[in-house]
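Okay, predicted coordinates and the sequence, questions at the end:
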Amino acid sequence: MRTLGVAALVGVLLGTATLGVAPTAAPKAAVGPLVSTPLTVATGASAGNASGKSLTIPQGWTAEVWANVPGARMAAWSPDGKLLVTTGANRRIEILTPTTAGHAPTVKTLLTGTYGVQGITFTKNGSVLVLGQDTRIFTYSYNNGVLTNPKIIVNNLPTGGHSAKGVAASGDVVYYSVGSSGNRTPEDRTANPQRATIWRVRLDGTQKTMITRGVRNGFGLAVGPGGWLFTAVNQMDNQPYPFKDSTGQYGNLVQSYINENPVDQVTRVSIGRDLGWPYCVPDTRNNPKLLAVPFVNDPKLNPTGSKLNCKGLYKTMLGLPGHSAPLGLNFTTGTALESVLGNGAIITTHGSWNRTPPRAPLVRFSPWNSATQTLGASVSLVGGFQNSDGSRWGRCVDAVVGPDGSLYVTDDLAGLVYRITPPS
């Protein structure tokens, strides 16, 4: 849940936010060496695909199969301490109520018939639940596990391609993503409504406004430190080589380049900003930390820069290894985990679908630097879902901090929720 004061909210809307969350100390290097740690199983839960498996987590942390939720996708904690989990094609939103340590939560269906609902968040101090469905954004009043007063605030959204709708909210403003119709489709930039975009709308359905374009699939949305809105973006596949260098590969499909590029993006969102897709390609040459990533012209769609001035775009704050497929984006800001990891972004990557070898699913952490108001290089926090041969027994989707300071990780392949706990 992310609720901001008036000053921070204005900053989010105008793209000039520096207020709303008190400055924090320099980022901690709190993620130590990762070790393979056997999964325990909470009493009342079934390990399923995770039976006998281990996760790689920071040394001293513990990992538990906490709950069974087939198709578990995105998650949000309610103000009364319950975890809500969407299931997409499984057409249900489940509500998980913690019991006692070492025991599985009670799992009940909160809402059915919700095909395509994935994005989920709370606002208005937890009294309003916001949901993103393929074709609409809608809300409910929430009180102690009961939903009332359903309202559709945006309807008739485009589907096909990247049709899942991510959501974030602050006060009476809701943000939502409209993904692209395809991999490299310039016509999305002139479609009605324009696709590959991020929008905002009031809870009453008024003042619907596109705020950022050129966002191929910015499903991950979150309000971060300082009141800024951030997105995590799935970038292009099969990107032609964009550099006119001595290799002579300009404009060709080069597998060694495609395997690592373009990097996925985690960056700040503000009114009028363009993230470049599909005309501009993140350029990570001589940038091993993938920070402040500039752009270069796409050799097929924008070779001369006539479609878009790529050098004039704001640099991407943070790149992730190509084909990571980030879905979950949350911040430790104000949570019980901030004292352990420091302030920063928790980014859940689903792993590649067509890379050779496959990019593994991971939960990553990127520390926030309050002095520069930027995210630092990301590091692995939770892994182990992929076998050495590239096959997978699990696939993480989202990671949210619980009121107990544990990290709760959803897995749509294994149909599980894990509880990852730092040492007390």
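That came through, no problem.

Report all helices and strands that the one helix or strand residue 35 maps to contacts.
Per DSSP states H and E, residue 35 falls inside strand 34-38. Judged by 3 or more Cβ pairs under 8 Å, 6 or more residues apart in numbering; DSSP states H and E, the packing partners of strand 34-38 are strand 54-58, strand 62-68. All C-beta spots, glycine's among them, are computed from the backbone N, C-alpha and C.

try 6 Å
strand 54-58 (3 or more Cβ pairs under 6 Å, 6 or more residues apart in numbering; DSSP states H and E).

thinking again about what came up before, listing partners with orientation, what would you give for the strand holding residue 35?
Next to strand 34-38 in the sheet, as set by DSSP bridges, lie strand 54-58 (antiparallel).

Can you list the buried residues in the partner strand?
55-58 (16 or more other Cβ atoms under 10 Å).

Next, count neighbours for residue 372.
For residue 372, the count of nearby residues is 11 (other Cβ atoms under 10 Å).

One more: residue 390?
Residue 390: 14 surrounding residues under other Cβ under 10 Å.

give me every residue that touches it.
357-358 (Cβ atoms under 6 Å, 6 or more residues apart in numbering).

now it: how far from residue 355?
From residue 390 across to residue 355, the span is 9 Å (Cβ to Cβ, to the nearest Å).

one step back: can you name the next helix or strand after the strand holding residue 35?
For strand 34-38, the succeeding helix or strand toward the C-terminus, using DSSP H and E, is strand 40-41.

ok, that following strand: who's next to it in the sheet?
Going by DSSP bridges, the partners of strand 40-41 are strand 62-68 (parallel).

Show me which of the buried residues of strand 54-58 is closest to residue 360.
Distance to residue 360 across those (Cβ to Cβ) is lowest for residue 56, with 9.9 Å.

got a list of what that closest one touches?
Contacts of residue 56 by Cβ under 6 Å, 6+ apart are 34, 36, 383-384.

rerun that using 10 Å as the cut-off
Applying Cβ atoms under 10 Å, 6 or more residues apart in numbering, we find residue 56 in contact with 33-37, 63, 360, 362, 380-385.

try residue 155
Here residue 155 is in contact with 133, 135-138, 205 (criterion: Cβ under 10 Å, 6+ apart).

coming back round to it: can you lay out the buried residues of strand 54-58 as JSON lines showing pLDDT?
Converted to JSON lines, the buried residues of strand 54-58 look like this (pLDDT from 0 to 100):
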{"residue": "55", "pLDDT": "98"}
{"residue": "56", "pLDDT": "98"}
{"residue": "57", "pLDDT": "98"}
{"residue": "58", "pLDDT": "97"}
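
low-scoring pLDDT stretches of the protein, where are they?
1-30 (pLDDT under 70).

Which stretches in it count as helices?
6-14, 255-258, 338-341 (DSSP state H).

Give me the buried positions along the last one.
Under the neighbour-count criterion of 16+ other Cβ under 10 Å, helix 338-341 has 338, 340-341 buried.

ok, how many other residues are close to the closest residue to residue 48 other than its chain neighbours?
Sequence neighbours aside, residue 414 is the residue nearest to residue 48 in space, at 5.7 Å (criterion: Cβ to Cβ, 6 or more residues apart in numbering). Neighbour count of residue 414, defined by other Cβ under 10 Å: 25.

Out of all residues in the protein, which is the farthest from the middle?
Most distant residue from the mean C-alpha position of the chain: residue 246, 37.2 Å away (Cα atoms, centre = their mean).

so the residue nearest to residue 48 touches residue 55, yeah?
No - counting by Cβ atoms under 10 Å, residue 414 does not reach residue 55; the two are 11.3 Å apart.

Next, show the common contact partners of the two.
In contact with both residue 414 and residue 55: 65, 385, 394, 396, using Cβ under 10 Å, 6+ apart.

how far away is the third one from residue 99?
Read that as residue 394. Taking Cβ to Cβ, one finds residue 394 at 24 Å from residue 99.

Neighbours of residue 366, how many?
Neighbour tally, residue 366, other Cβ under 10 Å: 23.

That one: what's it in contact with?
So residue 366 contacts 27, 266, 291, 317-318, 320, 331, 344-347, 374-379, 381 (Cβ under 10 Å, 6+ apart).

Buried ones among those residues?
27, 266, 291, 317-318, 320, 331, 344-347, 374-376, 378-379, 381.

how much space between the residue farthest from the centre of the chain and residue 255?
Distance from residue 246 to residue 255, by Cβ to Cβ: 19 Å.

May I see the buried residues of the strand holding residue 35?
For strand 34-38, by 16+ other Cβ under 10 Å, it's 34, 37.

Give me the contact list for it.
With Cβ under 10 Å, 6+ apart, strand 34-38 has contacts from 52-63, 379-384, 420.

8 Å instead, please
Strand 34-38 is contacted from outside by 53-59, 61-63, 380-381, 383-384, using Cβ atoms under 8 Å, 6 or more residues apart in numbering.

got those as a markdown table, with distance to residue 211 columns?
Putting the contacts of strand 34-38 into a markdown table (distance: Cβ to Cβ, whole Å) gives the following:
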| residue | distance to residue 211 |
| --- | --- |
| 53 | 41 |
| 54 | 42 |
| 55 | 37 |
| 56 | 37 |
| 57 | 36 |
| 58 | 36 |
| 59 | 41 |
| 61 | 37 |
| 62 | 40 |
| 63 | 38 |
| 380 | 31 |
| 381 | 29 |
| 383 | 33 |
| 384 | 37 |
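
For residue 283, state which of those residues is nearest.
residue 380 (24.1 Å).

hey, what's the closest residue to the closest one other than its chain neighbours bridged with?
Using Cβ to Cβ, 6+ apart and skipping residues adjacent in sequence, the residue nearest residue 380 is residue 362, 5.3 Å away. Using DSSP bridges, the bridge partners assigned to residue 362 are residue 349.

what's residue 165 in contact with, if anything?
118-119, 132-134, 137, 157, 176-179, 219.

same thing but 7 Å
118-119, 132-134, 137, 157, 176-177 (Cβ atoms under 7 Å, 6 or more residues apart in numbering).

Residue 195 versus that one, what's the distance?
For residue 165 relative to residue 195 (Cβ to Cβ), the value is 12 Å.

Ok, residue 251 next?
25 Å.

just residue 56 next, same as before
37 Å.

does residue 65 have beta-bridge partners, and which?
Under the criterion used (DSSP bridges), residue 65 bridges to residue 41, residue 418.

My read is that it contacts residue 416, right?
Yes - with contacts counted by Cβ atoms under 7 Å, residue 65 reaches residue 416, the gap being 5.6 Å.
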